[in-house]
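Asker: The sequence and its predicted three-dimensional model are supplied below.
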Amino acid sequence: MQHILGKTVGGKLAILFVLLYASNISPDRITLSNGQIVEGSIEKETSTYIYVKTASGMRKLPIDSIKHVRVGYSGIPICLEKTNEPGQKCDLYLHLITKDSIYTFRGANATKLDQLKLENVKYLEFKKNKSQSISHIIQVGSKLKFFTTDPKPLAGTILEISNKSFHVESEDGKQSWIPENQIVKGSYSSQEEIEYSEATPSRFRFYDLLIPGLYQGRQNQKLKSRFMFSLFGLLAAGTAYEYAQARAAKDKAQSELTVYPYGDKLYVFNKNDYSEFEMHKRENNAFAGTLLILYLYNSFDIFRSKDGVKVGVKAVPQTFASNRYNTYYEISVSYNF
């Protein structure tokens, strides 16, 4: 429904174009006489006031204080992949997400919203800073995954939005409140944990240094974990075997006796052939040296991750990494002892 209100302000005719939608999907840009700009959703109007829902709450604006209203939409940049279209689009803004639909638009001055059913959305992701508000674009009933300042993300259904916080119920029935200023990223996926997987950080354990591959396994780096653990087993077994063989060869060399007859006397002395011992010693040193390199790399990998460097986290399909919002898909995790 379109309503046109004419009002003379300071000798000029100000025409207010107000679009009213049923589901609060019509934010407008309102310029006041003092130059202040108010952006929000116009909920209703009377002969003397208009009521605007903003990120900070409902505002009551006198008609006489309004200079101009420009119809437009506010939103947050997203990357979107549809189920029936290949590739991703990162030139969109998310205006509203409900329990069964999303509303998007293109460009800062867009005047048209596109509605898309969530059943046709394969993956959606947005990023925000701490001061940015998203409570006005997310409705109760939406199912989202939130990434916060806590390393572990939280996925579930929005039960309530109050005081710039989201009341979320996860699939296991656990309920939590998430303050809006702690959210750094949000996503929706129709394919649970198939398109992406996050490494669940866990606290450092001392024996991670003793057995290479354990720490990487707990970080969901399965290929690296299997390789390091297998190599550790091979090198440890090889070192122990060659050490035992070298000890045996040395004992054998020291115990072998050589009898040399001279005239009517026999002279007995040790042969002392250490060639076999030296061979096993070289092989033992090779295994032990390689094992030491593996230990050093394992320690480096653990403490590099502890300092917040990337620890093999893959948040979304790698094809997203080539678009202009590639910073959306890198997760840094810090570990504390």
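Answerer: Structure received.
Asker: Can you name the residues in contact with the host helix or strand of residue 187?
Answerer: According to DSSP states H and E, residue 187 maps onto strand 183-189. Strand 183-189 is contacted by residues 97, 118, 121-130, 134, 142-149, 166, 195-196, 315-316, 328 when judged by Cβ atoms under 8 Å, 6 or more residues apart in numbering. For every residue, glycine as well, the C-beta is placed using N, CA and C.
Asker: Quick one: the helices in the stretch 201-337 of the chain, in order.
Answerer: Remark: helices assigned in the stretch 201-337 of the chain by DSSP state H, counting those that start in this stretch are 214-218, 222-255, 275-306.
Asker: Return the most buried member of those.
Answerer: helix 214-218 (a mean of 20; mean count of other Cβ atoms under 10 Å).
Asker: Which neighbouring elements make contact with that one?
Answerer: helix 222-255, helix 275-306 (3 or more Cβ pairs under 8 Å, 6 or more residues apart in numbering; DSSP states H and E).
Asker: got those helices as JSON lines, with mean pLDDT and distance to residue 93 columns?
Answerer: As requested, the helices and strands packed on helix 214-218 are arranged in JSON lines below (pLDDT from 0 to 100; distance: least, Cβ to Cβ, whole Å):
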{"stretch": "helix 222-255", "mean pLDDT": "86", "distance to residue 93": "37"}
{"stretch": "helix 275-306", "mean pLDDT": "85", "distance to residue 93": "35"}
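Asker: Please name whichever of these is nearest to residue 32.
Answerer: Residue 32 lies closest to helix 275-306 among the helices and strands packed on helix 214-218, at 51.4 Å (Cβ to Cβ).
Asker: Report the angle between that closest one and helix 222-255.
Answerer: Relative orientation of helix 275-306 versus helix 222-255 (axes from the mean of the first three to the mean of the last three Cα atoms, to 10 degrees): 150 degrees.
Asker: So residue 121 is in contact with residue 82, correct?
Answerer: Yes - the pair residue 121 / residue 82 is scored as a contact, 6.4 Å apart, by Cβ atoms under 8 Å.
Asker: The two - which one has more neighbours?
Answerer: Neighbours per residue (other Cβ atoms under 10 Å) separate residue 121 from residue 82, with residue 121 holding more: 18 against 15.
Asker: How about the contacts made by the more buried one?
Answerer: Taking Cβ under 8 Å, 6+ apart, we find residue 121 in contact with 80, 81, 82, 83, 102, 188, 190.
Asker: Out of these, give me the one that has the most neighbours.
Answerer: Greatest neighbour count in the contacts of residue 121, by other Cβ under 10 Å, goes to residue 102: 24 neighbours.
Asker: Let me know the pLDDT of the residue nearest to that residue when sequence neighbours are not counted.
Answerer: For residue 102, ignoring the flanking residues on the chain, the nearest one in space by Cβ to Cβ, 6 or more residues apart in numbering is residue 116 at 5.3 Å. Residue 116 carries a pLDDT score of 88 in this model.
Asker: What about residue 116, how many residues nearby?
Answerer: For residue 116, the neighbour count with other Cβ under 10 Å is 15.
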